[in-house]
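>>> quick one: sequence plus predicted model below, questions after.
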Amino acid sequence: MTNQGFPMCLLLFFLAMINAEETGGSCYRIAPGTLAGVVLGDITLTILIVAATYYCASKRRIKKEKADKVYMNVRANCKQ
């Protein structure tokens, strides 16, 4: 029991896309330099976010490891 309306809607959507491509209306042109600037800016921002996340996670991991060492030493001293 499949829905027969979905394939028809999909077909109409593709026909509308083909019709839109053929009309060739005026489109806003983006200069290649502008597009390259946006892409490079996006890559730079992504790298900065990854670096900041790694830095914060590393600091948190180091603090946790130091805390575990302290507790392990306290437990070892209590056993004596």
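Cool, the structure landed. Residues are numbered from 1 along each chain as shown.
>>> can you pull the pLDDT of N3?
Note on N3: pLDDT of 67.
>>> ugh, wrong one, I meant T44
97.
>>> number of nearby residues for it?
Using other Cβ atoms under 10 Å, T44 is surrounded by 10 other residues. Where you see a C-beta, it was placed from the backbone N, CA and C, and this is true even at glycine.
>>> likewise for A52?
Count around A52 with other Cβ under 10 Å applied: 10.
>>> change the start of the numbering to 555 and stick with it
Shifting the count to begin at 555 puts that one at A606.
>>> now it: how far from G559?
To G559, A606 is 48 Å away according to Cβ to Cβ, to the nearest Å.
>>> again with A611
Distance from A611 to G559, by Cβ to Cβ: 48 Å.
>>> put the alpha carbons of stretch 593-607 into PDB.
Coordinates of the C-alpha atoms in stretch 593-607 are reproduced here as PDB (Å, rounded to 0.1, in the frame of the first residue of the first chain):
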ATOM      1  CA  VAL A 593      34.500  30.000   0.800                       C
ATOM      2  CA  LEU A 594      37.900  30.900   2.300                       C
ATOM      3  CA  GLY A 595      36.200  32.800   5.200                       C
ATOM      4  CA  ASP A 596      34.100  29.800   5.900                       C
ATOM      5  CA  ILE A 597      37.100  27.400   6.000                       C
ATOM      6  CA  THR A 598      39.000  29.800   8.200                       C
ATOM      7  CA  LEU A 599      36.100  30.200  10.600                       C
ATOM      8  CA  THR A 600      35.600  26.400  10.700                       C
ATOM      9  CA  ILE A 601      39.300  25.800  11.500                       C
ATOM     10  CA  LEU A 602      39.100  28.400  14.300                       C
ATOM     11  CA  ILE A 603      36.100  26.800  15.900                       C
ATOM     12  CA  VAL A 604      37.700  23.400  15.700                       C
ATOM     13  CA  ALA A 605      40.900  24.700  17.300                       C
ATOM     14  CA  ALA A 606      39.100  26.500  20.100                       C
ATOM     15  CA  THR A 607      37.100  23.300  20.800                       C
END
